[in-house]
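Visitor: What would the 3D arrangement of this be:
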Amino acid sequence: MMRPPVKLWLCTQPTDMRCSYDGLAALVRRQLGQNPLSGHGFIFINRRRTQLKCLYFQAGGYCVWSKRLERGRFAALSAPAGQAITLSHAEFEALIEGLDLVVTKRRKRWHPKVSAA
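Guide: Sure, this is the predicted structure:
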């Protein structure tokens, strides 16, 4: 059964999409300074921003989820000097659905207080 990764990290440097499990795990260690066995999801996008891969470790093995766009590009997100960006699950969904996270603004919402009974 698929469980969502604990935390999502987006690598802001373009990635060669020929990389698979071991190549992406090496990039996680080398470029992001993270442990690919942590259960976190690591997102990589190619230079043209038309392909995306997400590597995560679950139940004793690596998983790779990928998406190739037939038209359009993924939003360009930047960080200082090759640092990774942490994404929420909602931001990841927005990214793969084609929303520009830089322009998008979250509106205020009312949330009822839950009392401990």
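Visitor: check contacts around Asn35.
Guide: Val28, Arg29 (C-beta atoms under 8 Å, 6 or more residues apart in numbering). In this view, the C-beta of every residue, glycine as well, is placed from N, C-alpha and C.
Visitor: so where do the helices sit in the protein?
Guide: For the chain, helices defined by DSSP state H occupy the ranges 21-27, 89-96.
Visitor: so how far is the shortest one from its chain's centroid?
Guide: Remark: helix 21-27 is offset 15 Å from the chain centroid, using C-alpha atoms, centre = their mean, to the nearest Å.
Visitor: and that helix, what does it pack onto?
Guide: For helix 21-27, the elements it packs on are strand 41-45, strand 51-58, strand 61-68, judged by 3 or more C-beta pairs under 8 Å, 6 or more residues apart in numbering; DSSP states H and E.
Visitor: any chance of those in CSV, plus distance to Ala76, mean neighbour count and mean pLDDT?
Guide: Listed next are these as CSV, based on distance: least, C-beta to C-beta, whole Å; neighbours: other C-beta atoms under 10 Å; pLDDT from 0 to 100:
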stretch, distance to Ala76, mean neighbour count, mean pLDDT
strand 41-45, 9, 25, 96
strand 51-58, 12, 21, 95
strand 61-68, 16, 12, 95
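Visitor: want to throw the helices of the chain into TSV with mean pLDDT?
Guide: Converted to TSV, those look like this (pLDDT from 0 to 100):
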stretch	mean pLDDT
helix 21-27	97
helix 89-96	90
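Visitor: Deepest-packed of those helices, please.
Guide: Ranked by mean neighbour count, those are led by helix 21-27 with a mean of 16 (mean count of other C-beta atoms under 10 Å).
Visitor: I'd assumed Cys11 was in contact with Leu27.
Guide: Yes. Counting by C-beta atoms under 8 Å, Cys11 is a contact partner of Leu27 at 6.8 Å.
Visitor: Excluding chain neighbours, give the residue nearest to Lys67 in space.
Guide: Leu52 (5.0 Å; C-beta to C-beta, 6 or more residues apart in numbering).
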